[in-house]
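Asks: sequence and predicted structure below; questions after.
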Amino acid sequence: MSERSGNPYYRSDIDGLRALAIIGVLVFHAFPQLLGGGYIGVDVFFVISGFLIGSILARELDQGKFDYLAFLLRRVRRLLPAMVAVLLAGLPVAAFLFVPEDFVSFCRHILAGLLFFPNLLLWSETGYTDPAAETKPLLHLWSLGIEGQFYLFWPLVLLLAWRLAPRYRFAFIAAIAGCSLLACIIWTNHDAVAAFYLPVTRFWELAVGTLVALLLPRLQLSQRSRNVMSLSGAALIVILMAWYTKADAFPGWRAMLPVLGSAMLIATGPQAWLNRRLLSHPVMVTLGLISYPLYLWHWLILTLGKYANLYLVGRFELSILATILLVGLSIVLAYLTHRFIERPYGRKPTSGAPMRLLLVGWAGTMLLAGGLWATLNGFGFGDGTKDSYLAQLQRKDGTCFVGESLAEFRPDLCIAPADGRVRVLLVGDSFGAGFSRSLNEMPDLAVSEFTASSCPFNPGLPVVVRPEACAAINAERMRLIETGNFDVIFIASWWGQQEIDGQMENLASTMERILADTQSRIVVYGPSPVFYSAVPDIYRRNVRHRSTEFTTEVLTINGGLRDTALTMLPKNDRVHYIDAVGLFCDPASQTCTYRDEKDLFFIDNSHLSLYGTGKVLAGDGLADFLNGREKAEK
């Protein structure tokens, strides 16, 4: 927190920049369709933190007053009071609204947040069965994990630079930032989730802020240059908030642009016209001063509001009015938190009764959350009721279901020999892998498999996750298709995963090529609905709320992709299209059936269960088509 009184280094325009950042994040989380790139507000926060921390540490090192422990205590005093208050307030609400499995997860994330490693926990939880972001009330704490780890590491880096390379400390820090940026770009191409959450791929953003802090005293700019740079930086941030979407590979090189815009705004100083007139406006400054507690409150309240809505009316998604009211509540609570918790601690020393009270609150919250987590986990709630469904994929990692690269594929294990049965080649990503067991249980089929993690079968079309590896995998798939003499090519992928333009058009061209170059028949599993949460979790919550409904709303029904697929894909006797949306959903009401009286159709928010794949393969003459006994309907 920046206190205006008694601080000669305070800059009101930086609080205004904080306001711009929190507005982007708030709108993105509340109304993502209005500001698809609002998430870059977090990157703006990173640059601000790097600038402020770099300025403080540089002054202390220059004056010979650097104290590592005192620095960490100041950071604790800055971050923990509001966080402890928010997490304590959320515990009883979550205990009332959540089923035990969800509450166990909530307590685990409280512990991670208070120990400043929520980003690492979230990274460890990502995967095919990870719940949708909308169901994680403490998802937003990931950025505080990055900052906390930066505070532990960065003072030691600067101390090293001041001691070992005092004349080249700017170059030393720039080199570290460059290495982190390079890791970020490379890692985003290979594992975007890791690049998003890991500190090594994020530290460069904070390091840029420190570089601005070191450069600023020597930066000589005319007033005109300041004004142009400031306006350009602000315009860049606003344009990117409107232009970027959650489908973009991020951070990677795309993160360089909001970081550049933030650095330009900070470097121009409080004298720039925009900084002086807009960012230093009292409304912007006030919003900036409450930006940290507002960041803590808003996502927790929006997510708990969705669970409350599910409890009260049976719908997870909030109405526009409810969302606006919850955002307003977040702002009110943020102001109260700033006024009665942040400001008092900001004025107190890092010792004595206030600090003891803070440490007691921190330890007490950890003990409470940890005790609840351990107790409920001990009763078996931590594993969840969906474990039996997770085991159903039966993916053979590193052989037929490729993880990282083409080198993992084992043709000797995955390509079935010709034995008189119908030869089927299953290709796609994890959606394809989900069909493997059910297809292998059909006695007339000799099933070969070449599926790959996050790599849909769409040769020539770039993907976000591991684009180079996926291109090589798809090229090898096409070689197999054209030379393998297969009777059926079974294609199943998550077509809505990357939201890339031209998916169905490119798939149509690929299918035309297969039809022209081979005698194979083609089965395509079309765009799948995506539920707001894992279906086993939805079922548990419905049981908790005494609902017997077999249908529920979806996060996206992928109706547009479905319509495109129905229009673009070849109409041919050798093609059988599985309309997943038509099979499970009513597009008009945006609801989908997730189970029948026997079992669940999905293992998570979109992947089919073993029962679900069986239902698909049993329907609409597909078995006859696979065996070549019946032509597909045109």
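Replies: All right, it came through fine. None of the values given here were measured: they were computed from a predicted structure.
Asks: what about Asp13, which SS state?
Replies: With DSSP: H, G, I helix; E, B strand; the rest coil as the basis, Asp13 sits in helix.
Asks: list the residues that contact it.
Replies: Leu265, Gly269, Pro270, Ala272, Asn275, Arg276, Leu279, Ser280 (CB atoms under 8 Å, 6 or more residues apart in numbering). From N, CA and C alone the C-beta is placed, and that goes for glycine too.
Asks: 6 Å instead, please
Replies: Shown in contact with Asp13 (CB atoms under 6 Å, 6 or more residues apart in numbering): Pro270, Asn275, Leu279, Ser280.
Asks: just give me how far stretch 255-268 sits from the chain centre.
Replies: 23 Å (CA atoms, centre = their mean, to the nearest Å).
Asks: for stretch 296-306, same thing?
Replies: 16 Å.
Asks: quick check: the gap between the closest residue to Tyr292 other than its chain neighbours and Cys107.
Replies: Spatial nearest neighbour of Tyr292, excluding adjacent residues (CB to CB, 6 or more residues apart in numbering): Ala82 at 6.2 Å. Going from Ala82 to Cys107 by CB to CB, to the nearest Å gives 19 Å.
Asks: same deal with Gly460?
Replies: When distance is defined by CB to CB, Gly460 is 46 Å away from Cys107.
Asks: between these two, which one's more packed in?
Replies: Cys107 (27 against 12; other CB atoms under 10 Å).
Asks: for that one, what are phi and psi?
Replies: Torsion angles at Cys107 (phi, psi; degrees, to the nearest 10) stand at phi -60, psi -40.
Asks: following element in sequence after the stretch of helix or strand Val208 belongs to, please.
Replies: Using DSSP states H and E, Val208 sits in helix 203-215. Next along the chain after helix 203-215, taking DSSP H and E as the criterion, comes helix 223-243.
Asks: poorly predicted segments of this structure, please.
Replies: In the predicted model of the chain, residues 1-6, 127-132, 346-364, 366-399, 464, 496-501, 544-551, 553, 555-560, 629-634 satisfy pLDDT under 70.
Asks: quick one, which of the contacts of Asp13 are buried?
Replies: Buried by 16 or more other CB atoms under 10 Å: Asn275, Leu279, Ser280, out of these.
Asks: any idea how far the first one is from Gly269?
Replies: Applying CB to CB, the value for Asn275 to Gly269 is 7 Å.
Asks: where does the record place the domain boundaries for this structure?
Replies: Listed domain ranges for the chain are 12-378, 387-626 (source: automatic domain parsing).
Asks: pick out the most distant pair among the contacts of Asp13.
Replies: Pro270 and Leu279 (8.5 Å; CB to CB).
Asks: residues near the residue nearest to Tyr292, how many?
Replies: 23.
Asks: does it count as helix, strand or coil?
Replies: Following three-state DSSP, the label given to Ala82 is helix.
Asks: that one against Leu336, yeah?
Replies: No - counting by CB atoms under 6 Å, Ala82 does not reach Leu336; the two are 10.5 Å apart.
Asks: figure out the helix or strand that Leu17 lives in.
Replies: Secondary structure assigned from DSSP H and E places Leu17 in helix 12-30.
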